[in-house]
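>>> sequence unknown, structure follows:
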């Protein structure tokens with residue numbers, strides 16, 4: 001039997017249930033609802049699911065959204081779409097001002113499968129401001145004055161239109177179903193710079209490097225090195241969104257120099273970090 005993986009759990013981490021989701025449940029009369037929630041550093045919201053679709057993003061701070069088969073690191077300019085009945089959990093990587101949209105029906109899209117999978121979307125300045133206003137309106141009771149109900153109706157319509165135009169971004173990191181590999185991947189996500197070599201990670205789960213390498217190919221269709229690079233790119237994007245200089249990003253991710261980090265990004269995505277960060 002393999003020994004349990006040692007987890008690097010940040011001090012003071014808290015785990016909480018969802019915040020009364022039924023209070024904000026969307027309906028035909030109120031098809032788009034929004035709520036605000038402040039999340040302290042390393043606060044977790046338990047894994048849960050809804051009968052309706054959901055969009056998660058933060059006004060400030062970086063959050064991580066976990067689904068059974070992927071994880072998404074989201075700076076403030078990015079949102080994660082979560083389809084109905086898809087289990088998900090949310091973690092504040094740093095103090096975050098969270099906004100959540102609940103949708104009674106999916107926005108229109110040319111591709112009927114566009115909203116069937118969790119994915120990252122760009123948050124335009126207009127969408128951001130609409131969600132801020134809708135979160136205020138959603139606090140109103142159903143018997144609110146007609147003028148307020150009409151205002152919420154028009155904001156909701158604009159939100160759906162913006163979502164139908166939102167640019168999808170490939171920023172997720174795939175996660176495996178195998179329990180042993182899942183524990184290892186979660187540990188890498190928490191501290192990807194703790195080890196570089198696969199042999200060192202494999203030792204933490206009591207498995208051979210060959211076994212873990214095979215699981216990466218079977219479960220994720222990639223090598224360990226390729227998967228870890230996706231993790232580093234996701235973290236780099238979050239740091240870049242906070243206007244961290246390239247040298248600091250490289251150092252935080254365990255690279256000896258900014259040029260070494262730049263070479264990794266260019267090799268992985270085919271463009272230098274400055275262009276990749278601007279486009280992504």
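Arrived safely. Note that the structure is predicted; figures quoted are calculated from it, not measured.
>>> and residue 185, what helix or strand is that in?
Using DSSP states H and E, residue 185 sits within helix 179-190.
>>> Who are the packing partners of that helix?
Other elements packing on helix 179-190 under the criterion 3 or more CB pairs under 8 Å, 6 or more residues apart in numbering; DSSP states H and E are helix 198-204, helix 209-220, helix 224-241. In short, each C-beta sits where N, CA and C put it, glycine included.
>>> can you list contacts of the second one?
Just to be clear, that refers to helix 209-220. Helix 209-220 has contacts (CB atoms under 8 Å, 6 or more residues apart in numbering) with 174, 176-178, 180-181, 184, 198-199, 201-202, 205, 222-224, 227.
>>> at 6 Å instead, please
Contact with helix 209-220 is made by 174, 176, 178, 181, 198, 199, 202, 224, 227, as judged by CB atoms under 6 Å, 6 or more residues apart in numbering.
>>> Can you say which of those residues are buried?
176, 178, 181, 198, 202, 224, 227 (16 or more other CB atoms under 10 Å).
>>> Please enumerate residues in contact with the strand or helix carrying residue 136?
For residue 136, the host element (DSSP H and E) is helix 125-138. With contacts defined as CB under 6 Å, 6+ apart, helix 125-138 is touched by 33, 34, 36, 99, 152, 155, 158, 159, 162.
>>> List the buried residues for it?
For helix 125-138, burial by neighbour count (16+ other CB under 10 Å) applies to 127, 128, 130, 131, 134, 135, 137, 138.
>>> Distance to residue 25 and pLDDT for those - can I get that in CSV?
Compiled in CSV, the buried residues of helix 125-138 are given as follows (distance: CB to CB, whole Å; pLDDT from 0 to 100):
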residue, distance to residue 25, pLDDT
127, 22, 94
128, 23, 93
130, 20, 95
131, 17, 93
134, 15, 91
135, 15, 87
137, 15, 76
138, 11, 68
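>>> Between those, which sits nearest residue 239?
Taking CB to CB as the measure, residue 239 lies nearest residue 128 of the buried residues of helix 125-138, at 20.6 Å.
>>> Please identify the most buried of the helices and strands packed on helix 179-190.
Per residue and on average, the most neighbours among the helices and strands packed on helix 179-190 fall to helix 224-241, with a mean of 20 (mean count of other CB atoms under 10 Å).
>>> quick one: residue 86 and residue 66, what's the gap?
Residue 86 sits 11 Å away from residue 66 when distances are taken as CB to CB, to the nearest Å.
>>> okay, those two: which has more neighbours?
Set side by side, residue 86 and residue 66 show more neighbours around residue 66, with 20 against 17, by other CB atoms under 10 Å.
>>> element containing the more buried one, please.
strand 63-67.
>>> Given that strand, what are its sheet partners and their directions?
With DSSP bridges as the test, strand 63-67 is paired with strand 70-74 (antiparallel), strand 88-92 (antiparallel).
>>> circling back: please identify the buried residues of the helix holding residue 185?
Buried-residue list, helix 179-190, by 16+ other CB under 10 Å: 180, 181, 182, 183, 184, 185, 187, 188, 189.
>>> Ramachandran angles for the nearest residue to the first one once chain neighbours are set aside?
The shortest distance from residue 180 to any residue that is not its chain neighbour, by CB to CB, 6 or more residues apart in numbering, is 5.5 Å, and that residue is residue 205. The phi and psi values for residue 205, taken as degrees, to the nearest 10, are phi -100, psi 10.
>>> Within the helices and strands, which one has residue 114?
Counting by DSSP H and E, no helix or strand carries residue 114.
>>> Quick one: residues contacting it.
Shown in contact with residue 114 (CB under 6 Å, 6+ apart): no residues.
>>> All set, thanks.
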